[in-house]
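Asker: pasting the sequence and the predicted coordinates here, then a few questions.
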Amino acid sequence: MTDLSPQTPRTPSAEAVEVRRFWEGLGLPGLIDVHTHFMPERVLRKVWGYFDALGPLTGGVEWPITYRHEEGERADLLRDFGVRAFTAMLYPHKPGMARWLNGWAVDFARRTPGSLHTATFFPEPGVETYVREAVEAGARVFKAHLQVGAYDPADELLDPVWGLLAEAGVPAVVHCGSGPAPGKHTGPGPIGQVLARHPGLPLIVAHLGMPEYEDFLGLAERYPRVRLDTTMAFTDFSEEMAPFPRRALPRLAALGDRVLLGSDFPNIPYPYAHQLRALERLGLGEEWLRAVCHDNAAALFGIR
Ligand SMILES: [Zn+2]
């Protein structure tokens, strides 16, 4: 159980000191991480099971989970790191599940300081209703996973959902790239169709669109409300599987106001600080890092 009483200050771990040194060095008040996973315990266990089994989620690659702790400890760790705001990326893999996940997410947001109320959906009858309810209940961000959900984002059942999110200005983090393993509806094509119909959709492309980085940079260049999260991009782990093309760095630099820090915490096969150092070593400068690691998300979510 998460203790709701004022916390006695924890002694920061060496790791927390390292993470804090990163953002303190940039003169930031902390980090904002738009891509962290919190979900009902039994769903999370199942996800971890996939990673352990080197299943379709991992593309068959060894993927040891670094932060396999109970929920309260995971949230405490993020706060120790100085993550001022973080999301609860959760997503269904079948119909009849999203509404239940959204109910859990309301409660999670309530009991977890620093979390941004997150919701999800699936192409199914009633989806427009429960998405509207989630927005009315204060959802700040949505998550959709096209590989795990194995659905077409351009499915007509989702048309009113994209329209509603565009109108409400509520961003959706969508895993639409084909990494680490492609799905039938991943890649720039299907989500590109959605954007053609809903050009004002505040889409956040997860994982920088890995491995189709350049196609997704292209979507962001074309649609001013499209953003990209950095989740796992540029890390040693991802560079080995799906290297970011050096020639695209100037485009990444130019989109500095639309790139957002994401980590995939806790499901990462390396320490949290590695994501930050991986961004730093791109050599795009401190201004770019400040925008990406904090300021862009602060503006998007109205965090002061
Ligand atoms: Zn993720």
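Answerer: Happy to help now that I have it.
Asker: contacting residues around stretch 155-166?
Answerer: 121, 123-125, 127-128, 131-132, 135, 142, 151, 153, 171-172, 194, 197-198, 200-202 (Cβ atoms under 8 Å, 6 or more residues apart in numbering). Where C-beta positions appear, they are placed from N, C-alpha and C, glycine not excepted.
Asker: show me which of the residues you listed are buried.
Answerer: 121, 123-124, 127-128, 131, 135, 142, 151, 153, 171-172, 194, 198, 201-202 (16 or more other Cβ atoms under 10 Å).
Asker: keep only those of these that are in helices.
Answerer: With DSSP state H as the criterion, helices contain Val127, Glu128, Val131, Val135, Val194 from among the buried ones among the contacts of stretch 155-166.
Asker: residue contacts, Asn102?
Answerer: Neighbours of Asn102 in contact, by Cβ under 8 Å, 6+ apart: Ala119, Thr120, Tyr130, Glu133, Ala134, Ala139.
Asker: for it, give its distance to Leu90.
Answerer: 8 Å (Cβ to Cβ, to the nearest Å).
Asker: please enumerate the shared neighbours of the two.
Answerer: Contacts common to Asn102 and Leu90, judged by Cβ under 8 Å, 6+ apart, are Thr120.
Asker: A helix includes His207, no?
Answerer: Yes: with DSSP: H, G, I helix; E, B strand; the rest coil as the criterion, His207 is part of a helix.
Asker: need the nearest residue in space to it, chain neighbours excluded.
Answerer: Thr231 (4.8 Å; Cβ to Cβ, 6 or more residues apart in numbering).
Asker: quick one: contacts for that neighbour?
Answerer: His35, Ala206, His207, Leu208, Gly262, Ser263, Asp264.
Asker: helix/strand/coil for it?
Answerer: Quick answer, by three-state DSSP: Thr231 is coil.
Asker: return the backbone torsion pair for it.
Answerer: phi -40, psi 110 (degrees, to the nearest 10).
Asker: so what pLDDT did it get?
Answerer: Per-residue confidence (pLDDT) for Thr231: 98.
Asker: how close does it get to Arg197?
Answerer: 26 Å.
Asker: what do you get for Pro190?
Answerer: Pro190 is 12 Å from Arg197, by Cβ to Cβ.
Asker: need the overlap of contacts for the two.
Answerer: With Cβ under 8 Å, 6+ apart, Pro190 and Arg197 have common neighbours Ala154.
Asker: can you list the low-confidence ranges for the stretch 101-250 of the chain?
Answerer: Along the stretch 101-250 of the chain, the model assigns pLDDT under 70 to no residue.
Asker: mind putting the ones in helices among the buried ones among the contacts of stretch 155-166 into TSV with distance to Pro243?
Answerer: Below are these laid out as TSV (distance: Cβ to Cβ, whole Å):
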residue	distance to Pro243
Val127	37
Glu128	40
Val131	36
Val135	38
Val194	27
